[in-house]
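[1] Predicted model and sequence below, questions to follow.
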Amino acid sequence: MKRRTLAALAAFGAITLGILSPTAMAQAPAKTLRVVAHADLKILDPTFTTAYISRNFGYMVYDTLFSQDTTGKPQPQMVEKYTQSPDGKQWSFTLRPGLKFSDGSPVTSTDVIASMQRWTSRDSLGRAMAANGTEWKAVDARTFTLTLAQPFGMVLEALSKPSGYPAFILPEKLAKLPATAPMTEVLGSGPYVFKRDEWVPGNKAVFVRNTQYAPRTEAVNGLSGSKKSNFDRVEWLYLPDANSAVAALQRGEVDLIEQLPPDYIAPLRADSKIKVGSGGNYQAFLVLNQLHAPFDNIKARQAFQMAVNQERFVAAMGYPADMRMAYCHTYFICGSPNDTAAGSQGHAKPDLAKAKALLAESGYKGEKVVLLVPTDVTYLNALALMAAQTLRSIGVNVDMQSMDWASIGARRAKRDAPSAGGWNVYVTVAGEFDANSPITNAYLSPACGNSLPGWPCDKELDALRAAWLQASDASQRKPRLDAFQTRAFEAVPYINAGQYSAVYAARADLKGLDKLWGGMPLVWALDK
């Protein structure tokens with residue numbers, strides 16, 4: 001009995017010491033954040049695709065030289081200090097000390113320069129900067145310079161570009177890989193490390209804290225400031241069935257649904273265990289094929305634009321009144337730094353009589369107009385149905401052709417006539433950072449010959465965009481922006497079908513949700 005008692009006491013002591021020991025504490029379950037992502041992660045290279053899921057992946061594992069705060073102002077991120085010459089042609093940058101990639105190797109000027117060269121070959125704003133003649137040069141391991149043949153007034157805005165192709169810093173060996181194919185290796189200096197061994201495409205992506213990450217000391221402000229995470233582990237779950245995702249959230253199996261389908265907003269608002277909030281502003285696009293009739297004619301495009309009722313379009317998507325705007329007067333997101341009403345006069349309400357007159361002046365004779373209708377994305381399906389109704393209201397003969405979104409992605413690239421397998425109209429949406437300026441907006445940024453499917457081309461817009469880019473400061477930029485938008489309302493490169501807010505849903509015990517900004521995955525701002 002005595003021997004058994006002593007053995008039991010010894011075992012209890014060992015257990016107690018184990019609980020208190022650093023080794024045992026280190027083996028405690030990791031603090032985990034589980035997020036239902038808006039899409040399946042397929043491409044691991046955020047410099048190859050503009051897909052938002054790949055962009056979000058980039059922010060998890062990489063970092064940028066500068067980042068924008070919630071006012072849109074560029075703030076140093078990986079950069080410790082920088083200088084600019086009075087003529088705007090000479091820039092010098094010094095990296096913060098102690099920056100390392102997740103394998104422990106230091107981040108150097110040569111990594112930055114290779115990354116900048118890759119980025120400027122891909123990004124619209126990067127190409128615009130490169131067109132001014134750019135030379136990057138390493139001074140030492142932490143200091144590098146940028147020399148411009150001509151001054152470019154948006155250097156910091158370019159380096160802090162939040163979306164499209166953000167200027168992520170890669171190791172030189174990755175940055176020098178051909179940009180014609182996506183990178184498959186992942187090595188960054190950002191807040192997390194990608195767990196490739198736990199990646200299950202179509203199901204789950206896992207990230208763990210990057211022990212080599214060197215955070216800034218400033219608090220989180222938009223994409224700027226410290227990205228030191230409160231979570232040891234972050235799991236992205238892909239649950240395309242909304243019922244399953246919502247049920248998992250209500251049971252506490254997941255912490256956050258990144259984009260909540262509109263049908264679930266009202267029920268979850270009534271659930272005291274759930275918080276519902278804005279997940280960033282979006283703009284709905286009606287894209288017109290300008291290679292073929294009838295929308296090769298400017299008056300036909302103006303007719304369609306004159307018939308659009310933005311409030312009806314965004315309401316059809318299912319968003320409640322507080323998550324949508326009755327009318328947004330700008331191509332560049334209402335409430336953004338580039339918000340302007342220039343050229344929008346007369347467009348706040350549809351004018352069907354004027355639209356019909358413009359359509360008649362265009363020479364339209366009742367030809368079929370092929371509208372691509374997505375069947376597997378509910379909010380895009382609603383936009384397409386509203387587009388059909390609007391076109392018919394002014395006398396257009398609409399041929400609705402239904403298919404899944406992937407098929408539309410392939411079909412819209414065809415330049416063939418609509419009667420030969422092409423198309424006339426398709427619908428899409430863009431987040432605020434991909435619509436908020438003449439160079440970041442996907443359908444306003446390309447010059448003639450370089451545009452996306454729809455292929456708008458207006459020489460006057462090209463000249464006005466170039467003038468806006470060359471503005472040396474904000475006082476010059478504003479009137480040039482107004483002139484650009486005024487012409488856009490006349491040329492109609494695409495039609496703004498309205499502005500709305502995406503919606504997230506989170507467990508009520510999740511803290512820091514007020515710091516989420518622009519639909520960006522600021523998981524390092526969260527805690528529970």
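    Happy to help now that I have it.
[2] strands paired with the longest strand along the chain, and their directions?
    If you go by DSSP state E, the chain has its longest strand at strand 274-288. Looking at strand 274-288 with DSSP bridges, its partner strands are strand 425-431 (antiparallel), strand 495-507 (antiparallel).
[3] who touches the shortest one?
    Put plainly, it is strand 425-431. Strand 425-431 is contacted from outside by 52, 163, 280-289, 295, 369-372, 374, 379-380, 383-384, 387, 391, 408, 412, 441-442, 453, 497, 502, 518-519, using CB atoms under 8 Å, 6 or more residues apart in numbering. Every residue, glycine included, has its C-beta placed from N, CA and C.
[4] Check which helices and strands whichever helix or strand comes after it sits against.
    Going down the chain from strand 425-431, the next helix or strand is helix 459-469, by DSSP states H and E. If contacts are counted by 3 or more CB pairs under 8 Å, 6 or more residues apart in numbering; DSSP states H and E, helix 459-469 sits against helix 474-491.
[5] Okay, buried residues for the helix it packs on please.
    Across helix 474-491, burial judged by 16 or more other CB atoms under 10 Å covers 477-478, 480-489, 491.
[6] Need the worst-confidence member of those.
    pLDDT across the buried residues of helix 474-491 is lowest for residue 477, at 92.
[7] confidence score at the residue nearest to that one when sequence neighbours are not counted?
    Counting by CB to CB, 6 or more residues apart in numbering, residue 477 lies nearest to residue 471, which is 4.0 Å off, once chain neighbours are set aside. Predicted confidence (pLDDT) for residue 471: 87.
[8] do the one 5 residues further on as well
    Each residue has a pLDDT score; the one for residue 476 is 90.
[9] Excluding sequence neighbours, find me the nearest residue to it.
    Excluding the flanking residues, the one nearest residue 476 by CB to CB, 6+ apart is residue 153, at 7.8 Å.
[10] Who are the contact partners of the one you found?
    Residue 153 touches 88, 469-473, 476-477, counting by CB under 8 Å, 6+ apart.
[11] Now list the buried members of the residues you listed.
    Counted by 16+ other CB under 10 Å, these give 88, 469-471, 477 as buried.
[12] Kindly indicate which of those residues lies nearest residue 260.
    residue 477 (36.1 Å; CB to CB).
[13] Isn't the closest one up against residue 470?
    No - using CB atoms under 8 Å, residue 477 makes no contact with residue 470, being 9.5 Å away.
[14] Can you list the residue ranges for helices in the stretch 151-300 of the chain?
    All helices of the stretch 151-300 of the chain, identified by DSSP state H, counting those that start in this stretch, fall at 155-159, 172-175, 242-251, 265-269, 298-307.
[15] CA atoms only: put the third one into CSV for me.
    So that's helix 242-251. The C-alpha coordinates for helix 242-251 follow below in CSV (Å, rounded to 0.1, in the frame of the first residue of the first chain):
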residue,chain,number,x,y,z
ALA,A,242,-23.9,28.4,-48.0
ASN,A,243,-26.2,26.3,-45.7
SER,A,244,-23.2,24.3,-44.5
ALA,A,245,-21.1,27.4,-43.9
VAL,A,246,-23.8,29.2,-41.9
ALA,A,247,-24.6,26.1,-39.9
ALA,A,248,-20.8,25.7,-39.1
LEU,A,249,-20.7,29.3,-38.0
GLN,A,250,-23.7,29.0,-35.7
ARG,A,251,-22.3,25.8,-34.1
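[16] Kindly calculate the angle that that helix makes with strand 495-507.
    Counting by axes from the mean of the first three to the mean of the last three CA atoms, to 10 degrees, helix 242-251 lies at 40 degrees to strand 495-507.
[17] Name the residues of helix 242-251 that are buried.
    Buried-residue list, helix 242-251, by 16+ other CB under 10 Å: 242, 245-246, 248-250.
[18] Need the per-residue pLDDT for residue 304.
    98.
[19] Kindly apply the preceding question to residue 15 instead.
    34.
[20] ok, now residue 55?
    So, for residue 55, pLDDT stands at 94.
[21] So it sits against residue 45, correct?
    No - counting by CB under 8 Å, residue 55 sits too far from residue 45 to count as a contact (10.7 Å).
[22] Which of these two has more residues huddled nearby?
    Comparing residue 55 with residue 45 by other CB atoms under 10 Å, the one with more neighbours is residue 55, at 23 against 20.
[23] how far away is that one from residue 447?
    24 Å (CB to CB, to the nearest Å).
[24] Repeat that for residue 283.
    21 Å.
[25] Who has more neighbours out of the two?
    residue 283 (28 against 15).
[26] residues in contact with that one?
    Counting by CB under 8 Å, 6+ apart, residue 283 has contacts 328, 331, 333, 429-430, 432, 435, 496-499.
[27] mind checking pLDDT for it?
    The score at residue 283 is 97. That number is its pLDDT.
[28] next one: residue 5
    41.
[29] Closest one of the buried ones among the contacts of residue 153 to residue 204?
    Proximity of those to residue 204 (CB to CB) peaks at residue 469, which lies at 41.7 Å.
[30] Could you measure from that closest one over to residue 79?
    In terms of CB to CB, residue 469 sits 23 Å off from residue 79.
[31] circling back: with pLDDT as extra columns, can I get the buried residues of helix 242-251 in TSV?
    Listed next are the buried residues of helix 242-251 as TSV, based on pLDDT from 0 to 100:
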residue	pLDDT
242	92
245	96
246	97
248	97
249	97
250	97
